[in-house]
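Participant: model this:
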Amino acid sequence: MTSGHDPRHRGDAARGGGMTSSAKEAILNRVRAAAVEPVAPTSYSPAQPRPGSVEKLAEMIGDYRARVRICDEAGLAGVLAEFLSATQFLAAAAGVPGEWLLNHEPAGDLDAPGVTVLTGCALAIAETGTLVLDAGAAQGNRAMTLLPDHHVCVVYERQIVADVPDGIAAIADPTRPLTFISGPSATSDIELDRVEGVHGPRKLDVVIVRSPTPP
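Facilitator: Numbering: from 1, shown residues only. Reported below is the predicted structural model:
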């Protein structure tokens, strides 16, 4: 038996934590001395919905394999009746107008089979087909829009913004819990096969309600 250090471990000091303090300080000094270009703050003001925003939003939502219908206020009940025709239990976010419910039996367990959740939204982004919810009135909490298998969302034309910068600027309170929804939940992580309903609703239906045309 011999004593002393195993020569196989001589390189340990040169790896990882073996850097001398003077070498570390030299590197840190170079980092501190590096010129950093200041980033000029950019501000956006949300624009009014552009002509064609309703159609653009509908097109992009459809590209995500979600169902989408465009109607006016008078046609809203009929579209909701279509989307909720196979619903067994309905979970409606607090603040959803009573006329949207169409006498469905309320859901007791959000994760139970056959549950549909009905919400509004904070805004919608036409360019990306994205719905933005911030847990405000008629939107519910995040669990409400993640656990049920079917989500029906009502969007009013006045809530549509053109693009992502407009969407970010239009968020009233960025500290609220924000959920961005672009189509039904889907993943292609396993062998690039698309699987829907893994991290949220398998089905997404969106009603876009046009604003009244001025006389």
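
Participant: could you pull up the mean pLDDT of the helix of greatest length in the chain?
Facilitator: Scanning the chain for the longest helix, with DSSP state H as the assignment, gives helix 21-33. Across helix 21-33, the average pLDDT comes to 78.

Participant: which helices and strands does that helix pack with?
Facilitator: Helices and strands touching helix 21-33, by 3 or more Cβ pairs under 8 Å, 6 or more residues apart in numbering; DSSP states H and E: there are none. All C-beta atoms are positioned from the backbone trio N, CA, C, and that covers glycine.

Participant: put the alpha carbons of it into PDB.
Facilitator: The C-alpha trace of helix 21-33 is given here as PDB (Å, rounded to 0.1, in the frame of the first residue of the first chain):
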ATOM      1  CA  SER A  21      -8.600  34.100  -8.000                       C
ATOM      2  CA  SER A  22      -6.400  36.400 -10.100                       C
ATOM      3  CA  ALA A  23      -7.600  34.700 -13.300                       C
ATOM      4  CA  LYS A  24     -11.200  35.000 -12.200                       C
ATOM      5  CA  GLU A  25     -10.700  38.700 -11.400                       C
ATOM      6  CA  ALA A  26      -9.100  39.300 -14.700                       C
ATOM      7  CA  ILE A  27     -12.100  37.800 -16.500                       C
ATOM      8  CA  LEU A  28     -14.600  39.800 -14.400                       C
ATOM      9  CA  ASN A  29     -12.700  43.000 -15.000                       C
ATOM     10  CA  ARG A  30     -12.900  42.400 -18.800                       C
ATOM     11  CA  VAL A  31     -16.600  41.800 -18.500                       C
ATOM     12  CA  ARG A  32     -17.100  45.000 -16.400                       C
ATOM     13  CA  ALA A  33     -15.100  47.000 -18.800                       C
END
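
Participant: where does the prediction get shaky in this structure?
Facilitator: 1-19, 34-50, 185-200, 213-215 (pLDDT under 70).

Participant: spatially central residue for it, please.
Facilitator: By Cα atoms, centre = their mean, the chain has its centre lying nearest to F180, at 1.3 Å.

Participant: from the chain's centroid, how far away is stretch 145-161?
Facilitator: Centroid separation between stretch 145-161 and its chain, computed with Cα atoms, centre = their mean, to the nearest Å, is 10 Å.

Participant: now do the buried residues in that stretch.
Facilitator: 145-157, 159-161 (16 or more other Cβ atoms under 10 Å).

Participant: ok so, going back, following the chain onward from the longest helix of the chain, which element is next?
Facilitator: helix 53-63 (DSSP states H and E).

Participant: same for the next helix or strand after that next one, what does it pack against?
Facilitator: As assigned by DSSP H and E, the chain's next helix or strand after helix 53-63 is strand 67-71. Based on contacts counted as 3+ Cβ pairs under 8 Å, 6+ apart, the elements that strand 67-71 packs against are helix 53-63, helix 76-83, strand 203-209.
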